[in-house]
Every structure is written in C-alpha cells, then in structure tokens.
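Chemist: Just a sequence and a predicted model for now, questions to come.
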Amino acid sequence: MSSLKQGSMSKEKELPALPLMLLRAVPTMIRRQAPAEPNDLQFSFRAEAFDREHLERYKRTFSGFQSAVPLTYFYLLAQRAHLAAMLNPEFPWPILGMVHVANAMVYHSAPKLNQGFFLNVSIEMPERAGTRKRVRPIYKVAFYQGNTLIAECHSTYQVGGGEAPKVGRRRELAAPDLQGYTCAELWQLGSETGRSYAQLSGDYNPIHLHPWLSRWFGFSRPIIHGMYSVAQAQADIESGLSAPLLAMDITFRRPLILPANAALHYLHNASSQDTNSGMKLEQGQVMVTDALGQKVYLDGEYGVSNDFNFKS
C-alpha cells in the first residue's frame with residue numbers, strides 16, 4: 001500500500017443509493033481542467049448488510065459460484081463508494097465515460113450476512129495527473145464489519161478513455177500462449193448483455209448501454225462491463241475447481257465489444273502458500289479471449305482455498 005499524499009477526508013456517513021448519485025453525475029461533464037497535482041481523497045461510509053434476495057439473483061446470473069458471497073459481489077458496493085467519492089467537488093474529472101482498466105480484490109475474513117459494513121475509501125492520484133494524456137487514479141476500498149477487515153478492492157480507472165488510436169499508431173498484440181490452460185467455457189454475449197448487467201449492478205455508464213451513447217465516448221458499439229467478465233470468470237473457475245476464489249488481480253487488455261463470443265481459460269497451480277490469515281491459498285492464471293483464442297480481453301491471477309468457511 002503506497003503512502004497517501006496530503007488529501008481530504010470525509011466524516012463517516014451513510015453510503016448513498018445509486019439512482020440519485022447517477023443523476024448527480026451528469027453535471028460533472030462540465031469538469032474540464034484538473035490541477036497538475038490533485039490531492040488524494042479519503043472518505044468513510046456506512047453501508048447496509050447485503051440484500052440476500054439480490055445476492056441470490058446475482059449468483060443465478062453467473063451460475064457456478066461456490067462462494068456464499070462471491071468476491072466480485074463486493075465490487076457492487078465498492079462501485080457505489082467510487083461514485084459517492086467522485087461526486088465530491090474536489091474530484092477534478094467528469095464521472096461519465098471513466099473506463100475501468102484494472103481491478104484487484106482479496107478476502108481477509110468471511111462476512112456475516114446479517115451485518116452491515118464500514119467502508120474506508122481512498123482515491124490515489126497519479127503524479128502530475130493534470131499533464132498526462134492517460135490519467136489513471138486508483139480507488140481503494142476496505143470493507144470492515146466491526147473491527148474485522150473483511151475484504152479489499154483496488155480499482156484503476158482511466159480518465160476519458162475510449163478514444164481510438166491515431167492513424168499509424170495501432171499496435172497489434174501477438175496471440176496469447178494458451179499451452180496448459182483449461183478452456184472452461186465459451187461465452188455468448190448478446191447486444192442486450194450490457195443493459196441486463198446494468199440493471200443487476202446499477203452501473204449505467206453510457207459506454208455499456210447503446211451505440212448512440214457509447215459513440216460519445218469513442219466506442220462504435222457498447223462494451224460489456226469489465227466486472228461482468230470478472231464475475232463470469234470467477235463463477236466458471238469456482239465451478240471447475242469446486243472451491244471459492246479468495247483473491248483476483250485482473251487487468252483489462254482491450255474492450256469486449258458487444259455482441260461477441262469469448263472464451264474463459266485458466267491454468268491452475270496446485271501448490272499452495274500460507275496467507276496472513278493462516279489459510280493455504282492455491283494460485284492460478286486466468287485469461288478471457290475471443291472464441292478463437294487470438295485476442296486477450298483480460299488476464300490476471302486468482303487464489304483459491306477450500307479452508308474458507310462462510311458465516312451465516
């Protein structure tokens with residue numbers, strides 16, 4: 001964890017609901033000029049216990065989860081915290097059109113389903129953010145129940161992402177090496193997938209919804225939410241290994257433009273390592289490609305354990 005620059009700290013308050021925050025995000029489009037050295041921001045929020053009916057709906061959407069509470073489900077709460085933080089007047093950029101480029105999550109302790117959360121939130125600004133073309137602030141959310149750290153989520157976003165490369169600068173990457181990987185599932189993602197996941201997650205970023213809206217931000221057609229792909233990957237791997245994932249560290253390599261077919265590949269390492277909590281964690285690599293295995297949409301690592309007992 002890098003040290004924070006001098007920044008702003010909010011007093012703990014209730015985490016707002018999404019609908020009102022989404023409406024308040026629209027006027028931020030007038031934000032244009034960021035300071036060369038924007039301050040890091042810090043916030044604290046209280047959040048309600050998970051809605052069990054919604055949790056079950058989420059798990060049905062991505063069949064295969066072995067986790068009582070999938071790690072990726074915490075991102076839905078983290079995302080609300082991100083939006084609440086960005087509505088602060090000291091956040092210098094427009095909210096709509098922010099592109100998620102990386103996400104790391106880890107469990108520390110099993111959550112109690114009948115207990116709410118305390119969220120410690122920070123936004124770490126890159127050095128000289130006001131002069132870089134591709135600015136990538138990092139959002140860190142720590143989830144607590146009482147004094148117990150339950151999980152952490154670190155999300156990297158790109159400011160004003162989505163613009164097409166200039167002529168002559170397009171870079172084609174080599175096809176990935178999938179030797180040793182298990183091809184778990186072929187995904188068939190229709191044009192409506194982004195809208196369906198928006199209803200489930202509350203993420204109505206225009207780049208996911210309709211061509212007329214996504215074109216405003218440089219995409220010819222809607223792209224699927226990055227965390228949709230991560231959630232489906234988690235469910236597929238858990239199904240294949242019959243164990244819950246306790247850590248995921250994912251980088252989004254290119255947008256998955258809808259409609260599309262994609263494939264989930266994973267390479268499991270049966271050797272295990274002891275974590276700070278005393279659990280043994282097996283590790284592996286994960287990759288989502290196009291159906292032919294020629295283009296990588298996301299890749300990263302995961303950790304899995306059978307020693308994790310969820311609480312009722």
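Modeler: Received it, and whenever you're ready, just let me know what you need. Residues are numbered from 1 along each chain as shown.
Chemist: does Glu301 sit in a helix or strand, and which one?
Modeler: For Glu301, the element it lies in under DSSP states H and E is strand 296-304.
Chemist: As CSV, could you dump the C-alpha coordinates of that strand?
Modeler: Output of strand 296-304 as CSV, limited to C-alpha atoms (Å, rounded to 0.1, in the frame of the first residue of the first chain):
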residue,chain,number,x,y,z
VAL,A,296,-7.0,-11.2,-25.0
TYR,A,297,-9.7,-9.2,-23.3
LEU,A,298,-8.5,-9.6,-19.7
ASP,A,299,-5.9,-11.6,-17.9
GLY,A,300,-4.6,-11.9,-14.4
GLU,A,301,-4.2,-14.2,-11.4
TYR,A,302,-6.5,-15.8,-8.8
GLY,A,303,-6.2,-17.5,-5.4
VAL,A,304,-8.5,-20.3,-4.2
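Chemist: For it, enumerate the helices and strands it packs against.
Modeler: Packing partners of strand 296-304 (3 or more CB pairs under 8 Å, 6 or more residues apart in numbering; DSSP states H and E): helix 226-241, strand 245-252, strand 260-274, strand 280-290. Heads up, the C-betas are built off the backbone N, CA and C, glycines and all.
Chemist: worst average pLDDT in the ones you listed?
Modeler: Ranked by mean pLDDT, the helices and strands packed on strand 296-304 bottom out at strand 260-274, with a mean of 86.
Chemist: List the buried residues of that one.
Modeler: For strand 260-274, burial by neighbour count (16 or more other CB atoms under 10 Å) applies to 260, 262-266, 268.
Chemist: Now tabulate these in CSV and tack on distance to Ala231.
Modeler: Below are the buried residues of strand 260-274 laid out as CSV (distance: CB to CB, whole Å):
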residue, distance to Ala231
Ala260, 16
Ala262, 13
Ala263, 16
Leu264, 11
His265, 16
Tyr266, 15
His268, 19
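Chemist: Quick check: beta-bridge partners of Phe117?
Modeler: Per DSSP bridges, residues listed as beta-bridge partners of Phe117: Ala47.
Chemist: So it sits against Tyr144, correct?
Modeler: Yes - at 6.5 Å, Phe117 counts as touching Tyr144 under the criterion of CB atoms under 8 Å.
Chemist: neighbour-wise, which of the two wins?
Modeler: Ranked by neighbour count (other CB atoms under 10 Å), Phe117 and Tyr144 place Phe117 first, with 24 against 17.
Chemist: any common contacting residues for Phe117 and Tyr144?
Modeler: Common neighbours of Phe117 and Tyr144, using CB atoms under 8 Å, 6 or more residues apart in numbering, are Ile150.
Chemist: Before I go, just wanted to say thanks for your time.
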